[in-house]
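# For reference, the sequence and a predicted model appear below.
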Amino acid sequence: MIKFVKYLTAIALLASLTTVADEEKAAQCSSQKQLTLKIDGAACETVCAELDKALTSLDGVKAESCSKSHLTKVAYDASKVKLEQVLAAFKKAGVKLEGQQIELAVNGMACGACSSKVSKALTKLNGVLNGAACHQSKKAIVLFDPTKVKAEKIVAAINSTGFTVAEDVKAN
Ligand SMILES: [Cu+2]
């Protein structure tokens, strides 16, 4: 009988633990952000490692830099750290940050004229450093300054051309 009671207590405890874990997960979802940042083409493996160290020293930040693609993938908790702090870590590590990069799936582009229409709309935007759409891959790759323009505005610019972004970018 005692064993049975212990068993029940364990289940109750387990149930309450799962609830806490779920709540934590929900909170993480709302403040968890992911960024892909383009870095200086001169950054070698050692520099990338230094950069990752500077980034992960921040509370709630995970980072992985690739010295081949020159992209740094950063995941951070916006309730613990601000974007400005993330960007400051690049300065601290002595790495020139070219901008934030997003890849968007765009519906409706059928030929080169379509993709150049999208590309034009992108490069016209203030804060966009480079925007290129391709009708073959049906994608637009945009490099921008995240302190000047938001991903939502980039999506709106694409949608204004008559072609539509197929995904939600709120996570960016
Ligand atoms: Cu076309």
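Ah, there it is.
# So what does the nearest residue to Asp40 once chain neighbours are set aside look like in phi/psi?
Distances taken as Cβ to Cβ, 6 or more residues apart in numbering put Lys96 closest to Asp40, at 3.9 Å, once the chain neighbours are dropped. Using the backbone N, CA and C atoms, a C-beta is placed for each residue, glycine as well. Torsion angles at Lys96 (phi, psi; degrees, to the nearest 10) stand at phi -70, psi 130.
# Could you report the pLDDT at Ala43?
We have a pLDDT of 87 for Ala43.
# Quick one: the helices in the chain, in order.
Per DSSP state H, the chain carries helices over the ranges 2-31, 45-56, 83-92, 112-124, 151-159.
# The residue nearest to Asp40: neighbour count?
Lys96: 12 surrounding residues under other Cβ atoms under 10 Å.
# Was I right to think it contacts Gly41?
No. Assessed by Cβ atoms under 8 Å, Lys96 is found out of contact with Gly41, at 9.1 Å.
# now Ala43: how far from the ion?
37 Å (Cβ to the ion, to the nearest Å).
# Next, the contact list for that residue, please.
By Cβ atoms under 8 Å, 6 or more residues apart in numbering, Ala43 lies in contact with 51, 65, 67, 70, 95.
# one more time with 6 Å, if that's ok
By Cβ atoms under 6 Å, 6 or more residues apart in numbering, the residues touching Ala43 are Val95.
# same deal with Ala133?
If you count contacts by Cβ under 6 Å, 6+ apart, then Ala133 has 115, 118-119, 140 around it.
# what do you get if the cut-off is 7 Å, keeping everything else the same?
Ala133 is in contact with 106, 109, 115, 118-119, 140, counting by Cβ atoms under 7 Å, 6 or more residues apart in numbering.
# how about the residues of the protein that lie near the ion?
Counting by Cβ under 5 Å from the ion, the chain comes close to the ion at 110-111, 113-114.
# So what sits opposite the spatially most central residue of the chain in the bridge?
By Cα atoms, centre = their mean, the mean C-alpha position of the chain lies nearest to Leu35, the distance being 2.3 Å. Assessed by DSSP bridges, Leu35 has beta-bridge partners Val74.
# picking up where we left off before, quick one: which two of the residues of the chain next to the ion are the most distant?
Using Cβ to Cβ, the two most remote members of the residues of the chain next to the ion are Ala110 and Ala113, lying 8.5 Å apart.
# Just give me the neighbour total for the closest residue to Gln85 other than its chain neighbours.
In this structure, Gln85 finds its nearest non-sequential neighbour in Leu58, 5.9 Å apart by Cβ to Cβ, 6+ apart. Residues lying near Leu58 (other Cβ under 10 Å) number 20.
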